[in-house]
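Engineer: here is a sequence together with a model predicted from it:
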Amino acid sequence: MPRAGQCLSTEAIEQMKLSKLKRMQKKYDWSLIEPFLDVEINKSSRNRQLKFITLREFKEMILDGLGMQEIKQKGISKHLLQFCSSFVQGKISISKEKFVEEYEKGLSLEEIALKYNISKDSITFLRQLYEISSKGATFINRKNTEIPLTLRQKEILYGSMMGDAKKVSSSAVGFGHGEKQKDYLLWKYKEFENIASKHSLQGISYIDKRSEYEGKTWRFYTYANTDVEKCIMEFYRSGTKQISRDMLNNLSPLSIAVWYQDDGKIDHGHGGISKNNYDITPQVTFCTESFSKESCEEIKKWFKEEYNINVRLKEKLMSNMVGYRVIVCNDSVKDFIDIIDPYILPMFKYKVHYDKYLEKREANETKVVMGDIVSCPLGVDFNNLSSFEQDRYIDNIVEYFQRKGIYSLIGSPSELQNHMSYVFSSNPENLLKNDHISFSNIGNRFLMSHFTNFWKGRAKGGKSPKEIFENKKYLSEIIRSIVARGVFPNDNEILKNLRRYRGNKILSGFMPCVAKSIYHKYCEPNSKVLDFCAGYGGRLFGAVACEKVSSYNGIEVNFETYMNLRELHKNLRIFADCKKEVNLLNGDGVSTMKMFADKAFDFCFTSPPYYDAEEYSDDDSQSSNKYDSYGKWFNNFLIKCIDEAVRVSKRVAINIANTGGYKIADDLEKHFKLLGIKYNVDYLKVPYYGKIKREPIFVIEE
């Protein structure tokens, strides 16, 4: 050190500085920071003028010979520099694993800092360096006040997660079951009541996208909880619910029973027993299609090793993949049932005992009211009746439904308001995929409740639904097939079977949710849209439900259909309080569009008739009745309509497909190419007699 009053030379000062730097560098252990060199450390601050650096940048500056004061003069946060220096010197002793453990216990950052003698600023930088998500006051309070799960709750939780329970958040689970299993859902709620959200317990109505079945599910979810969080982490290690041996080792007999009540089923072999009095070993199955094959193999090994239960895997074909079901082998069924039987709830005893199954069948008998109550057995019990007894039951049921009439199956618009509301609330983005537009049937029943003439129309060479329904022989066959399958012959079932009776093709209407998605995809905000073949109102419905559409203008040549469209619009105004502008015109597409100015509309979208593939009416208004050949219809109706649409609209979309011997889509594409008309092709996926077909949508820009 220099004496008082002594002046040092520049060389001496540099030498002292270098010595100090070397002493400081000797204290640094650069190996400590190797895993964290490029982690961004930028603690939030109101003063954003201070710069933040990574440990790599800190190391480079130090090795370049810069001292702490010189680095600070570059505008670097002094608190960050102090943290970096302390960390590289090993003065911060808590490891990442220990930090996570303490933080997950519910200790606050301040408490961890105090416990490990770390400054307040450094503990925040350390959390960022270890890339640990910030935990707020709510989390800390939850950790300090939460109630641990009991052993019974853990067993039920793990069993439910094997079945229907799902992750709601990283530390909360949701439980859900259908209306028929409401009591089961309430049992689970009672079991978890001390950690369950009371507000979450509710019934949610829904409408199936394809069948339009209107049902209800009951659900509740837990609050965030550490024990629940551990369970979720075991099931969702890879992001999706999958099974590991460690996870399976948490299952007790109670857990297996809950899993079986959620996702298990049994075939007692009732048909063989009732017909031949055979002693049949029931087949016990777990519906595990959602798990990977590897997970199902793990379940198979675990059952054998833990309980000496033999199970096998069976392929289950699904829409886009192959899944696997776990089936208990015959030689292990009795042992399996003995394990779970003490824990099976009374409502599910039919899944393990044949006598309880018989009681359930009797309770589920079909009851049709016609003055007297006529009880009709279902499934095998019906098939075991004499032909005379079967006829008696079927005749009574047919008479009952025919007396009510076909329109009673559909329901009135006021009864179907939920279906209508789903169209308005549906997200149009959900049906828009990368290479196609998906199908959804929601809202179709509300739509068709307005069009009595729809049920009188027929596909070429076929019969109308009304004809089939009013023919006793046809309806008897439909009712018989439903009852023989063990299904209650309700309105939905009869309507579904009317549509596909013996391969009969019926008319098709455009689905309102699909129309809504197409408008959403191709319209700019406040678009005026045109539909020159308004038909059964699917595009009208979709347009008024789409936020991008300001007005819908529909042209319909058939007067009865035109009047029904007006009724549909009236009910949309009443039930949905829809004030969107709708203009409906009765006339043919070509002549009516001539009254519109050039580019009067932003988007024209329609699905014209497929020549004579469908018979809407017998009058001359139908385009196929006007023209006695396909060629005349194609050139004088379809092409002229499209030409007018292109004139009056900035963008035109035509949904049409090949049908039977008429290659309408192919011919239209040839026409566009011949005339040099620029177009794009989108695709609509629609179900077609058990398969999925792609129908083109030709989009012509101005």
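Structural biologist: Cool, got the structure.

Engineer: measure Leu507 to Tyr536 for me?
Structural biologist: For Leu507, the distance to Tyr536 equals 8 Å [Cβ to Cβ, to the nearest Å]. Glycine gets a C-beta too; all of them are placed from N, C-alpha and C.

Engineer: what is in contact with those two at once?
Structural biologist: Common contacts of Leu507 and Tyr536 (Cβ atoms under 8 Å, 6 or more residues apart in numbering): Phe454.

Engineer: let me see the domain layout of the protein.
Structural biologist: Listed domain ranges for the chain are 10-140, 151-355, 365-404+467-504, 512-701 (source: automatic domain parsing).

Engineer: return the distance of the third one from the chain's centre.
Structural biologist: For domain 365-404+467-504, the gap between its own C-alpha mean and the chain's C-alpha mean amounts to 34 Å (Cα atoms, centre = their mean, to the nearest Å).

Engineer: could you number the chain from 28 rather than 1 from now on?
Structural biologist: Understood, numbering begins at 28; the last thing we discussed is domain 392-431+494-531.

Engineer: so who does Pro580 touch?
Structural biologist: Actually, residue 580 is Asn rather than Pro. Contacts of Asn580 by Cβ under 8 Å, 6+ apart are 555-558, 609-610, 612, 628.

Engineer: show me which of those is closest to Gly484.
Structural biologist: Of all these, Gly484 sits closest to Asp558, with 18.7 Å by Cβ to Cβ.

Engineer: for the closest one, give me phi and psi.
Structural biologist: Dihedral pair for Asp558: phi -140, psi 110, per degrees, to the nearest 10.

Engineer: Ser187 versus that one, what's the distance?
Structural biologist: Distance from Asp558 to Ser187, by Cβ to Cβ: 49 Å.

Engineer: looking at the two, which is more packed in?
Structural biologist: A direct count of neighbours by other Cβ atoms under 10 Å for Asp558 and Ser187 places Asp558 higher, at 28 against 24.

Engineer: low-confidence ranges, the stretch 178-327 of the chain, go.
Structural biologist: Along the stretch 178-327 of the chain, the parts satisfying pLDDT under 70 run over 236-240, 301-305.

Engineer: before we move on, back to that, any idea which of the domains of the chain is most buried?
Structural biologist: Stretch with highest mean neighbour count among these: domain 539-728 (a mean of 19; mean count of other Cβ atoms under 10 Å).

Engineer: Ser544 and Pro455 touch, don't they?
Structural biologist: Yes. Using Cβ atoms under 8 Å, Ser544 makes contact with Pro455 at a distance of 4.2 Å.

Engineer: what distance do you get for the closest residue to Phe79 other than its chain neighbours to Glu137?
Structural biologist: Using Cβ to Cβ, 6 or more residues apart in numbering and skipping residues adjacent in sequence, the residue nearest Phe79 is Asn69, 4.1 Å away. According to Cβ to Cβ, Asn69 and Glu137 sit 21 Å apart.

Engineer: cool, Phe313 as well?
Structural biologist: Between Phe313 and Glu137 the computed distance is 49 Å (Cβ to Cβ).

Engineer: which SS class is Ser402?
Structural biologist: Counting by DSSP: H, G, I helix; E, B strand; the rest coil, the backbone at Ser402 sits in strand.

Engineer: partners of it in the sheet?
Structural biologist: Lys394 (DSSP bridges).

Engineer: distance of it from Cys258?
Structural biologist: Here the criterion is Cβ to Cβ. By it, Ser402 lies 46 Å from Cys258.

Engineer: what's the answer for Asp273, then?
Structural biologist: Distance of Asp273 to Cys258, given as Cβ to Cβ: 12 Å.

Engineer: can you put the domains of the chain in CSV and add distance to Ile464?
Structural biologist: Below are those laid out as CSV (distance: least, Cβ to Cβ, whole Å):
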stretch, distance to Ile464
domain 37-167, 38
domain 178-382, 13
domain 392-431+494-531, 22
domain 539-728, 5
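
Engineer: show me what contacts the nearest residue to Leu176 once chain neighbours are set aside?
Structural biologist: Spatial nearest neighbour of Leu176, excluding adjacent residues (Cβ to Cβ, 6+ apart): Asp254 at 4.1 Å. By Cβ under 8 Å, 6+ apart, the contact list for Asp254 reads 175-176, 180-181, 184.

Engineer: just confirm Asp254 is within a helix.
Structural biologist: Yes. Assessed by three-state DSSP, Asp254 belongs to a helix.

Engineer: tell me the SS of Thr267?
Structural biologist: Three-state call for Thr267 (three-state DSSP): coil.

Engineer: in the sheet, who's paired with Leu612?
Structural biologist: When bridges are called by DSSP bridges, Leu612 pairs up with Ile582.

Engineer: residue contacts, the nearest residue to Gly581 once chain neighbours are set aside?
Structural biologist: Nearest residue to Gly581 in three dimensions, chain neighbours excluded: Ala561, at 3.5 Å (Cβ to Cβ, 6+ apart). Ala561 makes contact with 567, 581-583, 588-589, 592, 611, 633, according to Cβ under 8 Å, 6+ apart.

Engineer: and Glu497, by the same measure?
Structural biologist: Counting by Cβ under 8 Å, 6+ apart, Glu497 touches 429, 433.
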